[in-house]
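>>> One predicted model, sequence on top.
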Amino acid sequence: MSKRNYQKNNRRQRFRKEFMRTRFLIFSLIFIAIASLCFAGRSSRWPKVRAAHLKKQPACMVCGGVKKIEVHHIIPFSQNPELELDPNNLITLCETKKYGINCHLLIGHCGNYRWSNPDVVQDANYWRLKIIEARNH
């Protein structure tokens, strides 16, 4: 191979490497941008909203437990971040396993944390009445 062909070939290789490096950086930046939009962090006001909700609704809406309390979003934060701080989108559930159930997992997430229960308020009321009825008999 002549010196000229070698230099030409070398330039092509450098160009390809630089092109691939630039392409990798562009895709990395796009991925980071999409991930930051999809996995946006909690609002800095969340702790105050959570505390205010717990003052208003300090016990689990299913079993009445007051230990291991969770403030559960009726419409999940991941599906609608705008409702994160809306007090009407919050319900108190517990993870104490009082009466043998984890109310947050069972009622709030239908037994699987990957799922959400759109009828969590109705289900919490239904099971609270069932528990009260069972206690009275």
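Structure's in. What do you need? Note that the coordinates shown come from a computational prediction; the quantities given were computed from them, not determined experimentally. Numbering: from 1, shown residues only.

>>> residue ranges for the helices of this protein, please.
Listed in chain order, the helices of the chain (DSSP state H) span 3-38, 46-56, 103, 109, 120-136.

>>> Just name the most buried of these.
Mean neighbour count (mean count of other CB atoms under 10 Å) peaks for helix 103 among these, with a mean of 31. Heads up, the C-betas are built off the backbone N, CA and C, glycines and all.

>>> ok, back up a step: need the helices of the chain in JSON lines (columns: distance to Ile75).
Listed next are the helices of the chain as JSON lines, based on distance: least, CB to CB, whole Å:
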{"stretch": "helix 3-38", "distance to Ile75": "17"}
{"stretch": "helix 46-56", "distance to Ile75": "15"}
{"stretch": "helix 103", "distance to Ile75": "18"}
{"stretch": "helix 109", "distance to Ile75": "13"}
{"stretch": "helix 120-136", "distance to Ile75": "10"}
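
>>> Include mean pLDDT when you put those helices into a markdown table, please.
Below are those laid out as a markdown table (pLDDT from 0 to 100):
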| stretch | mean pLDDT |
| --- | --- |
| helix 3-38 | 70 |
| helix 46-56 | 95 |
| helix 103 | 94 |
| helix 109 | 94 |
| helix 120-136 | 93 |
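
>>> which one of these lies closest to Lys67?
helix 103 (11.4 Å; CB to CB).

>>> Which residues does the following helix or strand past the closest one contact?
Sequence order places helix 109 as the next helix or strand after helix 103, per DSSP states H and E. If you take CB atoms under 8 Å, 6 or more residues apart in numbering as the criterion, helix 109 is touched by Trp115, Ser116, Asn117.

>>> Can you pull the domain assignment for this structure?
Domain assignment for the chain by automatic domain parsing gives 1-39, 46-136.

>>> Next up, phi/psi of Gly111, please.
phi 90, psi 0 (degrees, to the nearest 10).
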